[in-house]
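Colleague: For reference, the sequence and a predicted model appear below.
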Amino acid sequence: MSEAQQLLEKAIQQRKKVLTVQESKRILLQEGFPINPTGFGTNLDEILAEAKKIGFPVVLKVSSQEIIHKSDIGGVITGIRNDRDLKEQYEIMQQKIAQKATNAKIEGYVVEKMESGVELLVGSTLDPMFGPILAFGLGGIYVEVLKDVVFRLIPIEREDATEMLSEIKAAKILDGIRGQPPVNKKSLVDLLMKTSEFIDRHTEIEELDLNPVFATEKGVSVVDARIILKVNE
C-alpha cells in the first residue's frame, strides 16, 4: 500500500472530512503532483526554520479548519523577503486574526515558496448522477467571480485535456499576452491527466481543489490544495 493510500485510510478511520492543506499536499506529493515547496510550524521559531529551508521569498498562511477564506481576515501574506520581514508579518497576521476570527482554532501556519505565473484551477467534484467530474479554469481570487471553468467526466483521455485548455474563455492568456511568454501546455495537460487518474483510483475522495495552480513557460506548480473525503455520517 502506498503512503498516500495509508494517509487517506487513516483520515477516513479518524472520520476526517476535510483534510488540511499540509495533509492534502503531502498526499499529492507522494502521488507525484508538482507541489511547491511547503513547510509548517506552530510558532515563530518553527516558521523561521521552515522559511530558511525553503528559501525566501515566501508566503505565510494561517492553517485553520474554521477559516475558509483566509485572505478575507488577513490570513495570507505574500512576498515575505527575509527573517525580519517574516517576524513583522507574523505579528501583523496574529493581530488581524485576533480581531477578525476571534474564536477560530488555529492549527499552525503554512510557509510556502513564493510563486508567480498564470493562476489556474484544477479540481474534481462528485456528481450524484454522473460520478466524478474534472474541472479546469481560471483560478485564484477570480474563480468565484468570473466562473471561467470547463468540465469533463473522469476518466479523461489526453485529447480531452488538450481540448479543455482551449475551451476556457481566457484561453488566449495561456498563449501569452502583452509580451508574456506562453505557458507550458504539456505540463498542464500532464496535470489534468494525473488528476483524472488520481481521482479515478481513489474513490474515497469526494472533492479535490487545486487552486491556485501557477503556470509558466517552465511548467506548473500547485500552490494550494484541499482534499475532501466521503465520510459516512
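Modeller: That came through, no problem.

Colleague: Could you use CA atoms for every contact and neighbour count after this?
Modeller: Noted.

Colleague: ok now the worst-scoring helix or strand of the chain on mean pLDDT, how far from the chain's centre?
Modeller: Using mean pLDDT, DSSP states H and E, helix 143-146 stands out as the lowest-scoring helix or strand of the chain, at a mean of 71. Here helix 143-146 shows a centroid-to-chain-centroid distance of 16 Å under the convention CA atoms, centre = their mean, to the nearest Å.

Colleague: what are the bridge partners for residue 108, then?
Modeller: Residue 108 has the following beta-bridge partners by DSSP bridges: residue 63.

Colleague: isn't it right next to residue 41, touching?
Modeller: Yes - using CA atoms under 8 Å, residue 108 is in contact with residue 41, at 5.7 Å.

Colleague: more neighbours, these two?
Modeller: Comparing residue 108 with residue 41 by neighbour count (other CA atoms under 10 Å), the higher total belongs to residue 41, at 19 against 16.

Colleague: Tell me the confidence at that one?
Modeller: Among the per-residue scores, residue 41 holds a pLDDT of 96.

Colleague: Same question for the one 5 residues further on.
Modeller: The predicted local distance difference test score for residue 46 is 97.

Colleague: again, but for residue 141
Modeller: Residue 141 is assigned 69 on the pLDDT scale.

Colleague: overlap in contacts of residue 108 and residue 41?
Modeller: Overlap between the neighbourhoods of residue 108 and residue 41 is empty, taking contacts as CA atoms under 8 Å, 6 or more residues apart in numbering.

Colleague: hang on, the earlier thing: can you list contacts of the least confident helix or strand of the chain?
Modeller: The set of residues that contact helix 143-146 without belonging to it, under CA under 8 Å, 6+ apart, is 121, 137, 138.

Colleague: I'd like to know how far residue 130 sits from residue 204.
Modeller: 16 Å (CA to CA, to the nearest Å).
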